[in-house]
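*Asks:* missing the sequence, but the structure's below:
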């Protein structure tokens, strides 16, 4: 059972960057007016950011990292580790983390690598960087997480395009002997790996001329095998049953209850789903911030982006006891609890 | 458990202007408002009110409110 704790590290800062280009589901032409109303009310996504073709997730991470490093007054030579959690990397190879090491001007003594996870990525990323730094004594690290999810959605697929938004984040981690622990409960069910999938373009189905052929899966759902395909109903059931169980388990194992947490920050998947989880676990509406309406589902950026967008003033000025839960593509899910103590948190950066 | 309670809950969640158009024999996909979002609403409602899991496949197999009610009854612990 992947329930464990890490010690001796703390979050020193979180920054987020989004494309300046904002689009609205009210303008989405493949939904009727009735469907738009229903989607915005039920799924909760009204506006989101859509990266122009030249702007990648790593560009967003770069901008967020420069700002965060400057605000933290970190010496770049002291950054020992960089992890890039994403499913929209710059190239098939090399790892995007290597490109970011150079672009940020980090020392060659920095270890840098990618982790390929989506909606659960922030929880997993925290577990990896904290475990490594705690075990090795590395002093400073950057955890980057985010996706340009819209880049792989077909605009003509109403089952994916209205849901996602593009965003990226950087979390600064520091070794500190006096830090309070992080607790994790991480899970996987690969039997449902096809619930969210880009079927072509990997080694299993190399890109071929067929990969570019658009197919009409159902009315209003047109995509190619290089686009993201999503089985919303199956994900929905997983999310309202297994996800709350994993969070309940973490609370039981750490002997905590909802009242012990200042905020419970969920992956921003879908309003009716997240509200089901919130009510099952008996968190109050005030404890659970949302950015779905502003930014949509932003994959592994959603949790840190929601912290920066909705909790900025609190996270900068107070000690907070936080519970987070990421869940989705894999299927992969995880909950993490930790404390923050007056961290650096710049305003959300917008990039042209 | 009573089918009228299920009908009342569904009509309220769907926010129909005229709730009386939903009856035991109403076919979901025959409703002019029907969309995949209604499927999500049904799954969430049945899960929270009756603690029963309805899958996307179940919703493909059934057509009426009565069919949904029968599944709930058969799965209710």
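*Replies:* That came through fine. This is a predicted model, so every value here is computed, not measured.

*Asks:* residue contacts, the residue in the stretch 101-250 of chain A positioned nearest to chain B?
*Replies:* Nearest to chain B in the stretch 101-250 of chain A, going by C-beta to the nearest C-beta, is residue A:233, at a distance of 3.0 Å. All C-beta atoms are positioned from the backbone trio N, CA, C, and that covers glycine. Contacts for residue A:233 were tallied using C-beta atoms under 8 Å, 6 or more residues apart in numbering or on different chains; they are B:36, B:39, B:40, B:43, B:55, B:56, B:59.

*Asks:* Please, where are all the helices along chain B?
*Replies:* Listed in chain order, the helices of chain B (DSSP state H) span B:3-14, B:36-50, B:56-61, B:65-75.

*Asks:* returning to what we had before: what about the host helix or strand of the residue of the stretch 101-250 of chain A closest to chain B, average pLDDT?
*Replies:* Taking DSSP states H and E as the criterion, residue A:233 maps to helix A:232-253. Averaging pLDDT along helix A:232-253 gives 92.

*Asks:* In it, which residues are buried?
*Replies:* Within helix A:232-253, the residues scored as buried using 16 or more other C-beta atoms under 10 Å in any protein chain shown are A:232-240, A:243-244, A:246-247, A:250-251.

*Asks:* next one: it to chain centre, how far?
*Replies:* Taking the mean of its C-alpha atoms, helix A:232-253 sits 17 Å from the chain's own mean (C-alpha atoms, centre = their mean, to the nearest Å).

*Asks:* What angle do helix B:36-50 and that helix make with each other?
*Replies:* Inter-element angle recorded for helix A:232-253 and helix B:36-50: 40 degrees (by axes from the mean of the first three to the mean of the last three C-alpha atoms, to 10 degrees).

*Asks:* Tell me which strands the helix or strand just after helix A:232-253 pairs with, and in which orientation.
*Replies:* Per DSSP H and E, helix A:232-253 leads on to strand A:263-266 as the next helix or strand towards the C-terminus. Strand A:263-266 has the following strand partners under DSSP bridges: strand A:319-328 (parallel).

*Asks:* and after the strand it pairs with, which helix or strand comes next?
*Replies:* Note on strand A:319-328: by DSSP H and E, the next helix or strand toward the C-terminus is strand A:332-341.

*Asks:* Remind me what the helix or strand following that next one packs against, helices and strands.
*Replies:* Using DSSP H and E, the helix or strand that follows strand A:332-341 in sequence is strand A:349-351. Packing contacts for strand A:349-351, counted by 3 or more C-beta pairs under 8 Å, 6 or more residues apart in numbering or on different chains; DSSP states H and E, involve strand A:9-19, helix A:57-72.

*Asks:* Those: which one's closest to chain B?
*Replies:* strand A:9-19 (25.8 Å).

*Asks:* Check which residues of the closest one are buried.
*Replies:* Those would be A:9, A:10, A:11, A:12, A:13, A:14, A:15, A:16, A:17, A:18, A:19, for strand A:9-19 by 16+ other C-beta under 10 Å.

*Asks:* ok, now stretch A:343-352?
*Replies:* Under the neighbour-count criterion of 16+ other C-beta under 10 Å, stretch A:343-352 has A:343, A:344, A:345, A:346, A:348, A:349, A:351 buried.

*Asks:* out of those, who's nearest chain B?
*Replies:* residue A:348 (28.8 Å).

*Asks:* Surely the closest one touches residue A:309?
*Replies:* Yes - between residue A:348 and residue A:309 there is a contact under C-beta atoms under 8 Å: 6.2 Å.

*Asks:* Quick check: neighbours shared by those two?
*Replies:* residue A:16.

*Asks:* what residues does chain A put near chain B?
*Replies:* A:34-35, A:38-39, A:42-43, A:159, A:231-234, A:236-237, A:240-241, A:270, A:272-273, A:276, A:279-280 (C-beta under 8 Å from any C-beta of the partner chain).

*Asks:* just how off-centre is stretch A:317-324 within its chain?
*Replies:* The answer for stretch A:317-324 is 18 Å, by C-alpha atoms, centre = their mean.

*Asks:* contacting residues around that stretch?
*Replies:* A:122-123, A:247, A:250-251, A:260-266, A:303, A:307, A:311, A:314, A:335-342.

*Asks:* run the last query once more with 7 Å
*Replies:* Stretch A:317-324 has contacts (C-beta atoms under 7 Å, 6 or more residues apart in numbering or on different chains) with A:122-123, A:260-265, A:303, A:314, A:335-342.

*Asks:* Please apply the same query to stretch A:79-98.
*Replies:* A:56-58, A:61, A:99-101, A:106, A:110-118, A:121, A:125, A:128-129, A:132-133, A:138-149, A:151-152, A:300.

*Asks:* TSV for the helices and strands packed on strand A:349-351, including mean pLDDT?
*Replies:* Shown next, in TSV, are those (pLDDT from 0 to 100):
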stretch	mean pLDDT
strand A:9-19	98
helix A:57-72	98
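
*Asks:* Of the ones you listed, which is nearest residue B:11?
*Replies:* Minimum separation from residue B:11 across these (C-beta to C-beta) falls at strand A:9-19, 39.1 Å.

*Asks:* The following helix or strand past the closest one pairs with which strands?
*Replies:* Using DSSP H and E, the next helix or strand after strand A:9-19 towards the C-terminus is strand A:22-24. Strands adjacent to strand A:22-24 in the sheet, as given by DSSP bridges, are strand A:47-49 (antiparallel).

*Asks:* which of the contacts of stretch A:79-98 count as buried?
*Replies:* Burial by neighbour count, 16+ other C-beta under 10 Å: within the contacts of stretch A:79-98 this picks out A:56-58, A:61, A:99-101, A:106, A:110, A:112, A:114-115, A:117-118, A:121, A:125, A:128-129, A:132-133, A:138-149, A:151-152, A:300.
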